[in-house]
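Asker: Okay, here's the prediction I keep looking at, along with the sequence it came from:
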Amino acid sequence: MSRLTEISYIRNVLGKHGFTFSKALGQNFLVNPNVCPKMAELCGASETVGAIEIGPGAGVLTNELAQVAHKVVAIELDKRLLPVLEETLAGHDNVKIINGDVMKLDLRQLIAEEFGGGNAVICANLPYYITSPVIMRILEEKLPVDSLTVMVQKEAADRICAKPGTRESGAISAAVHYYSEPEMLFKVSRGSFMPAPNVDSAVIKLNILQQPPVAVSDEKAFFRVVRASFLQRRKTLSNSLSSGLSMPKAAIAGILSAAGIKPNARAEEMTMEQFAAITEEYVGKLSSGL
Ligand code: SAM
């Protein structure tokens, strides 16, 4: 078993390098020995499929990934962790650490350079302050990866995995379901981390789809409609769309009726097919100049 989940060992290594945890960078390191082996096993990395990790921290998940993947590329923003990782991952020659911000790096180029034409998956315990932007960036850019296995806050996991058309769904559920098939893998209690956060977490896997589940003529318009629909959750869909798309109520009423949706419907009742139908009517309305 890896020593990286032994609190005394990890405290000692971090202390030796003068490291202190940064709340702003979402630094809660896993110390539950059961979590990382399970993530590494379920993420799909193998002798032929490489792994990309975001935020290796002290290397606890990196160490497990290195044992199943032929190559691991880990992106860490905090320079102070580089000497720590050098020490904790010393036994692995298939790991490359890149110092950088996952939101700024050219990930497409990185994947091409590091994995060539081969397959890769993303596996990470994400820093919570950028969970949604990171996931959406990877999905929207249609990066050549098979799946994303990520640990996120439990609430975010529930929202992301909620099927559009159900009460728990939100804009992110529809966006994620457009690009992938999300799976809830397992829950992780707050006590599994050092320092312990105030909330529990969950590991989810987003299996990238080759084709979106609905056909839309204008993807940007689809996402504009989805975002506008959930802008004011307490209001009806018709009110949200009117303010979110800056269109008069009468025009929205026409769009909803043409899409076969009742005027008092709410955003969380909309399925992917219904969002697609609204989008087509909206695009039609825009192009007719009304
Ligand atoms: N993987 C480790 C673990 O499970 O113990 C650490 C996970 S910790 C929740 C998140 C990690 O992401 C930290 O190491 C933090 O420094 C790093 N990080 C924060 N923002 C980042 C960014 N924009 N780009 C890359 N890494 C980032």
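Answerer: Now that the structure is in, tell me what you want to look at.

Asker: in the stretch 1-150 of the chain, what residue is nearest the ligand?
Answerer: Per CB to the nearest ligand atom, residue 55 is where the stretch 1-150 of the chain lies closest to the ligand, at 2.1 Å. Any C-beta I mention is one placed from the backbone N, CA and C, and that applies to glycine too.

Asker: Quick one: name the residues of the stretch 1-150 of the chain near the ligand.
Answerer: Within the stretch 1-150 of the chain, the positions lying close to the ligand (CB under 6 Å from any ligand atom) are 25-30, 54-57, 60-61, 75-78, 81, 101-103, 125, 127, 130.

Asker: Am I right that the residue of the stretch 1-150 of the chain closest to the ligand is in contact with residue 85?
Answerer: No: Residue 55 lies out of contact with residue 85 (CB atoms under 8 Å); the separation is 11.2 Å.

Asker: how about residue 74, what does it touch?
Answerer: 52-56, 59, 62, 85, 95-98 (CB atoms under 8 Å, 6 or more residues apart in numbering).

Asker: Okay, domains of this structure per the record?
Answerer: What automatic domain parsing lists as the domains of the chain is 3-208, 219-287.

Asker: quick one: average confidence on the last one?
Answerer: Right, the one you point to is domain 219-287. In this model, domain 219-287 has a mean pLDDT of 95.

Asker: Kindly report the same for stretch 177-194.
Answerer: Mean predicted confidence for stretch 177-194 is 98.

Asker: That stretch: how far from the chain's middle?
Answerer: Relative to the mean C-alpha coordinate of its chain, stretch 177-194 is positioned 10 Å out (CA atoms, centre = their mean, to the nearest Å).

Asker: Pull up the distance across that stretch, start to finish.
Answerer: Distance between the two ends of stretch 177-194: 32 Å, counting by CA to CA, to the nearest Å.

Asker: and that stretch, which residues are buried?
Answerer: 177-180, 182, 185, 188, 192-194 (16 or more other CB atoms under 10 Å).

Asker: Same question for stretch 151-160.
Answerer: Those would be 151-154, 156-160, for stretch 151-160 by 16+ other CB under 10 Å.

Asker: could I have it exported to CSV, CA atoms only?
Answerer: Only the C-alpha atoms of stretch 151-160 are listed here, as CSV (Å, rounded to 0.1, in the frame of the first residue of the first chain):
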residue,chain,number,x,y,z
MET,A,151,-13.8,13.7,-7.7
VAL,A,152,-16.1,16.7,-7.1
GLN,A,153,-18.3,18.0,-4.2
LYS,A,154,-21.2,15.6,-3.6
GLU,A,155,-23.8,18.3,-4.5
ALA,A,156,-22.0,19.1,-7.7
ALA,A,157,-21.9,15.4,-8.6
ASP,A,158,-25.6,15.1,-8.0
ARG,A,159,-26.3,18.1,-10.2
ILE,A,160,-24.0,17.0,-13.0
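
Asker: follow-up on the earlier one: name all residues that make contact with the residue of the stretch 1-150 of the chain closest to the ligand.
Answerer: 26, 74-77, 102, 124-127.

Asker: can you redo the residues you listed as TSV with secondary structure and distance to residue 47?
Answerer: Listed next are the contacts of residue 55 as TSV, based on DSSP: H, G, I helix; E, B strand; the rest coil; distance: CB to CB, whole Å:
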residue	secondary structure	distance to residue 47
26	coil	31
74	strand	19
75	strand	22
76	strand	25
77	coil	29
102	coil	26
124	strand	21
125	strand	23
126	coil	26
127	coil	29
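
Asker: mind putting those in TSV, pLDDT and distance to residue 111 included?
Answerer: Output for those, formatted as TSV (pLDDT from 0 to 100; distance: CB to CB, whole Å):
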residue	pLDDT	distance to residue 111
26	97	23
74	98	13
75	98	11
76	98	17
77	98	18
102	98	12
124	98	15
125	98	20
126	97	18
127	95	20
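
Asker: Widest-spaced pair of these?
Answerer: Farthest pair in those (CB to CB) is 26 and 74. Separation: 15.4 Å.

Asker: Out of the buried residues of stretch 151-160, list just those in helices.
Answerer: Taking DSSP state H, the ones among those that sit in helices are 154, 156-160.

Asker: Turn the residues you listed into a markdown table, columns for distance to residue 35.
Answerer: As requested, those are exported to a markdown table (distance: CB to CB, whole Å):
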| residue | distance to residue 35 |
| --- | --- |
| 154 | 14 |
| 156 | 17 |
| 157 | 14 |
| 158 | 19 |
| 159 | 21 |
| 160 | 19 |
